[in-house]
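K.L.:
sequence first, predicted model second:
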Amino acid sequence: MGILDRIGIGRRRRAVDRSAGGYVVFPPDSPYKSNWFQLGQAPATGQEALACSAVYAAVSVISQEIARLPIKHYRRLPEGGREELRASRITRVLRRPNHVQNRSDFFLNFVSSLLLNGNAYAIAERDSSRRIVSYMGRTPGAVRPRVDPASGAVFYDVADQATQPTAPRQVPARDVLHARLFCPGDPLVGVSPLTACGLSMATASTVSRSSLAFWQNQARPSGILSTDRPLSTEAARRLRDQWESAGRGDRSGKTAVLDSGLSWQPLSISPQDSQIVQTFNLQVDDIARVYRVPLAFLARLEGATWSNVESMTRSFFVSCLAFYVEHIEAALDSFFQLPADQEISFDVERAMQRAEFDRRMTAASVAVR
């Protein structure tokens, strides 16, 4: 019995499919079949979400901070502590993942894909000795996990060209670096955080479009042309078109002449009624909550002071980045098949030292005394 069955999800007219070694829960009217991840019918990716400034900012600040972290290969020592393996083959691959990307390029795009799509993939290339010599990222739309029903082994169908996904090549799981987020349905497919903030993202985009339309109309809401004379439909349309053409472009702001007894009554919306700023900020708060990014990192500086920026940065690392760092480290350890006494680790402390000069000086002073 799966965990979804134990907590009751999947009941009430919902179907549970455990084919191919997994289970996916969808309502009967869902456009996706129960084995959607096997058929390439995955929900839309989060690329369109980058048009929302709050989502772009949240994804950027997380992916950029992780991309600037040095990453190292360590061996744990029997007496405690660890030593850095600077000349190891894995260290060289980590520093230069492939021929077109350096370390920062790769993790910037890898983490961004994870945050937008819930999944991030990279495919390994091996030498004649079956050692990993490079790995290249793939878009989630070009990779599909699959479980062999006979052996239970995990494979990935990889389309070398996203425009020709009909003839993918099969790649074993050992050659795929796959980081995934929360998997409420299939254990091989993560769900994007955008699932939780989709409505807020849509609302924020709507507010932005409404503001654009508002200012494109010279910040003047629409109004009413009225008259006490009877007008035919054709006459009303003609007078309206004349009014609009007389006030557009270079003619805006000039004197208007109204005939046929017309009078102009503008319609206005007070700032208290519109609440545009408050509505937009509410959606930004919701998106920041989902991605666990402090509002100050999204340019919401209410309550932030110059004296607590470093504490806020430390809190950001602990409450937000720590999970992603550990999650990617675990995926890399499994990808490189490291022995029990070795590990791959981001050097978070070194990156933090660049921002916390006063804390380091205080600690050095205490250490000297």
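P.N.:
Perfect, thanks for sending it.
K.L.:
in the stretch 51-200 of the chain, which spans are strands?
P.N.:
When secondary structure is read from DSSP state E, counting those that start in this stretch, the stretch 51-200 of the chain shows strands at 71-76, 82-84, 119-126, 132-138, 143-147, 154-158, 169-172, 176-180.
K.L.:
so where's the longest helix in this structure?
P.N.:
The helix of greatest length in the chain, counted in residues with DSSP state H as the criterion, is given as helix 198-216.
K.L.:
helices or strands up against that helix?
P.N.:
Other elements packing on helix 198-216 under the criterion 3 or more CB pairs under 8 Å, 6 or more residues apart in numbering; DSSP states H and E are helix 53-67, helix 276-291. Where you see a C-beta, it was placed from the backbone N, CA and C, and this is true even at glycine.
K.L.:
how about the strands of the stretch 51-200 of the chain, which one is nearest residue 276?
P.N.:
strand 119-126 (35.3 Å; CB to CB).
K.L.:
just the buried positions in the closest one, please.
P.N.:
Under the neighbour-count criterion of 16 or more other CB atoms under 10 Å, strand 119-126 has 119, 120, 121, 122, 123, 124 buried.
K.L.:
sorry, back to before: most packed of the helices and strands packed on helix 198-216?
P.N.:
Across those, averaging neighbours per residue (mean count of other CB atoms under 10 Å) puts helix 53-67 on top, at a mean of 21.
K.L.:
avg pLDDT for it?
P.N.:
The average of the pLDDT scores along helix 53-67 is 91.
K.L.:
swap in stretch 183-199?
P.N.:
Along stretch 183-199, the predicted confidence averages to a pLDDT of 86.
K.L.:
go on, stretch 92-105?
P.N.:
Stretch 92-105 comes out at a mean pLDDT of 94.
K.L.:
and for stretch 311-319?
P.N.:
82.
K.L.:
starting at the chain centroid, how far to it?
P.N.:
Using CA atoms, centre = their mean, to the nearest Å, the mean C-alpha position of stretch 311-319 is found 20 Å from that of the whole chain.
K.L.:
flag every buried residue along it.
P.N.:
In terms of neighbour count (16+ other CB under 10 Å), stretch 311-319 has its buried residues at 313, 316, 317.
K.L.:
could you pull out the helices for the chain?
P.N.:
Counting by DSSP H, residue ranges of the helices within the chain are 3-6, 36-39, 53-67, 89-95, 103-117, 198-216, 233-246, 271-274, 276-291, 309-316, 322-335, 348-353, 357-368.
K.L.:
I'd like to know which of those lies nearest to residue 178.
P.N.:
Of all the helices of the chain, helix 322-335 comes closest under CB to CB, at 6.8 Å.
K.L.:
ok, and what's touching the closest one?
P.N.:
62, 66, 69, 94, 107, 110-111, 114, 124, 132, 135, 176-179, 343-346, 348 (CB atoms under 8 Å, 6 or more residues apart in numbering).
K.L.:
tilt between that helix and strand 176-180?
P.N.:
160 degrees (axes from the mean of the first three to the mean of the last three CA atoms, to 10 degrees).
K.L.:
list the contacts for residue 87?
P.N.:
The contact partners of residue 87, taken as CB under 8 Å, 6+ apart, number zero.
K.L.:
angles on the backbone of it, please.
P.N.:
Main-chain dihedrals, residue 87, degrees, to the nearest 10: phi -100, psi 10.
K.L.:
how close does it get to residue 348?
P.N.:
Counting by CB to CB, to the nearest Å, the separation of residue 87 from residue 348 is 23 Å.
K.L.:
where does the chain dip in pLDDT?
P.N.:
Low-confidence segments of the chain, defined by pLDDT under 70, are located at 1-48, 161-166, 214-223, 225, 246-261, 264, 266-275, 303-310, 351-360.
K.L.:
report the outermost residue of it with respect to its centre.
P.N.:
residue 229 (57.5 Å; CA atoms, centre = their mean).
K.L.:
now distance to residue 195 too, for the strands of the stretch 51-200 of the chain, in TSV please.
P.N.:
As requested, the strands of the stretch 51-200 of the chain are arranged in TSV below (distance: least, CB to CB, whole Å):
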stretch	distance to residue 195
strand 71-76	29
strand 82-84	38
strand 119-126	13
strand 132-138	22
strand 143-147	18
strand 154-158	22
strand 169-172	27
strand 176-180	13
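K.L.:
check the chain and tell me which residue is nearest its centre.
P.N.:
By CA atoms, centre = their mean, the most central residue of the chain is residue 116, 2.8 Å off.
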